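**Student:** Curious how this folds, go ahead:
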Amino acid sequence: MRNRLKLAAQWGVLLALTALLVGGLELLRLPAALLLGSLAAAASLTAADVEVHVPRPLFAGAQAIVGCLIARVIMPSTMREMAHDWPTFLGGVLSVIAVSAALGWLLARLRVLPGSTAVWGAFPGAATVMTLMAEGFGADVRLVALMQYLRVVMVAIVATVVASLWTATTSHAAAPVDWFPSVARPSLAATLVLAAAAAAIGQTFRIPAGPMLLALGAAAVMQNTGAMRIELPPWLLAPAYCAVGWSIGARFNRPILIHAVKVLPALMASILSLLAICGGLAAILAQVAHVDALTAYLAMSPGGADSVAIIAASTHVDMPFIMSMQMARFLIVLVLGPAIARFVAGPQKGDSLPSAAGVVVRKV
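**Tutor:** Just a heads-up that it's a prediction; the model follows:
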């Protein structure tokens, strides 16, 4: 009985702190507020020696929901846009991936982050997906999450400033969320069944990032063949995002947080370098693809596709071109990311992290 009361109290504190942090981030209009707020809440409690335990089936189910979410935006129109001018898309995508991998290698070489953790943290793409895949392929998910979401915030801020200076637009806020929209119940049921099956298979066979990748692949195929419609109302996405954030945040501890504070300036410098290089690549893309400079800049923006889409929607840019470039980069990193991480981080031995006291803290 005492253990149940203790567990209920822990979850009560976690939920209250999560609501407070998410609300604050929403007021600041920062992207990925649900993920960042839940991650920060769990990390804060763990650092204060309050145990946070997210059941593995819940985490696997949340990963599968994220996979379905990504599959929903892989549309035939996006594929046609990529195929129409594939040399330009391939060149733009590979250039950003190459720069990101080089910065990851440098961070590992300078021992800012360990091994493949630095490479996964530097990868452009959907931050949640990169973080989940990094865990599946042996990197330290805590530090990957730190770098990925730090970049999401910095990219969103810089892209907003650039768009505001380029145009007269001053407001880039998303439309208010309808938390309980009308849904097609058969489609919702099919989506839940697919997510549950992907989570179960991924866990059973211990496939790296299996729940997410299996759900993504199956949902994309079934959606684009007309076999099903993916239905993901906000009331379903919100707890999935929180479960992912809690699971990652619960792995932080004091030595990890101390190290994170120490390396924060180096991480910010690497992200600013990436943004500057991508700005230069955007200038080249504008000339090659014959698009305006703002379209090229948003297309080459390294990650945070959701926030880039919000900014692009409120400006006069080529939205299909921007989102096709973002999606092409995501798909290539999704397929080639593990091989690139192994190749770039090959000489860096191990994914252990030195704490402030000089002892080695192994990732959990």
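
**Student:** Cross-check the contact I'm expecting between Ala32 and Ala127.
**Tutor:** Yes: counting by CB atoms under 8 Å, Ala127 is a contact partner of Ala32 at 6.7 Å. No exception for glycine: its C-beta is placed from N, CA and C like everyone else's.

**Student:** show me what contacts Ser38?
**Tutor:** 18, 21-22, 241-246, 249 (CB atoms under 8 Å, 6 or more residues apart in numbering).

**Student:** just checking, Ala42 touches Leu14?
**Tutor:** Yes: in terms of CB under 8 Å, Ala42 counts as a neighbour of Leu14; the distance is 6.6 Å.

**Student:** Out of the contacts of Ser38, which sit inside helices?
**Tutor:** 18, 21-22, 241-246, 249 (DSSP state H).

**Student:** Tabulate the residues you listed in JSON lines, adding columns for pLDDT, distance to Arg229 and neighbour count.
**Tutor:** As requested, the ones in helices among the contacts of Ser38 are exported to JSON lines (pLDDT from 0 to 100; distance: CB to CB, whole Å; neighbours: other CB atoms under 10 Å):
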{"residue": "Thr18", "pLDDT": "96", "distance to Arg229": "31", "neighbour count": "23"}
{"residue": "Leu21", "pLDDT": "95", "distance to Arg229": "33", "neighbour count": "20"}
{"residue": "Val22", "pLDDT": "93", "distance to Arg229": "29", "neighbour count": "22"}
{"residue": "Tyr241", "pLDDT": "90", "distance to Arg229": "21", "neighbour count": "23"}
{"residue": "Cys242", "pLDDT": "94", "distance to Arg229": "25", "neighbour count": "24"}
{"residue": "Ala243", "pLDDT": "93", "distance to Arg229": "24", "neighbour count": "21"}
{"residue": "Val244", "pLDDT": "91", "distance to Arg229": "24", "neighbour count": "26"}
{"residue": "Gly245", "pLDDT": "90", "distance to Arg229": "27", "neighbour count": "30"}
{"residue": "Trp246", "pLDDT": "94", "distance to Arg229": "29", "neighbour count": "28"}
{"residue": "Gly249", "pLDDT": "90", "distance to Arg229": "33", "neighbour count": "27"}
